[in-house]
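> Provided below for reference: sequence and predicted model.
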Amino acid sequence: MPQCIRVVAAMLEKDGQYLITQRRPGGSLPLLWEFPGGRVEEGETDAQALARELREEMGIEVEVGERAIQVHHVYSAYEIDFAVYRCTLKSGEVKHGRVHDHRWVKWTELDKYQFPPADEKTLAQLLGLH
């Protein structure tokens, strides 16, 4: 049975646009776009993990709000339990510490970017909610 990884991501809105980040060229799922976030470490809550990941990856501080959506996705080598939370930017400017690039985009522009399969599932559901 593949390993199941708990992953959290931020739906961070500013001035009617949402933050998406591009994965690094040398990592898994290279150069695909996603809502920023990462793995939940043992002993962390989703909110703690999400705040830590955004601080480490981009140097921003956020307030984690309600869970917007949760999906389960099976990749060939592992599974992910993926939750997206509505977040508010508290401080900091986005830096490219552990991300290749970032964009602030409108909902209507999200389909112009290529997302990993698990993210595509959440996007379809989130766009339906929007």
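Cool, got the structure.
> ok, which stretches of this structure are helices?
In order along the chain, the chain carries the following helices (DSSP state H): 46-58, 117-129.
> Centre of the chain to stretch 81-89, how far?
Centroid separation between stretch 81-89 and its chain, computed with C-alpha atoms, centre = their mean, to the nearest Å, is 7 Å.
> Show residues contacting it.
Stretch 81-89 is contacted from outside by 4-14, 35, 37, 46-47, 50, 54, 60-73, 118-119, 121-122, 126, using C-beta atoms under 8 Å, 6 or more residues apart in numbering. (Each C-beta comes from the backbone N, C-alpha and C, glycine too.)
> Name the residues of the helix or strand of the chain with the lowest mean pLDDT that come out as buried.
None of the helices or strands of the chain scores lower by mean pLDDT, DSSP states H and E than helix 117-129, at a mean of 74. If you call a residue buried by 16 or more other C-beta atoms under 10 Å, then helix 117-129 has these buried ones: 118-123, 126.
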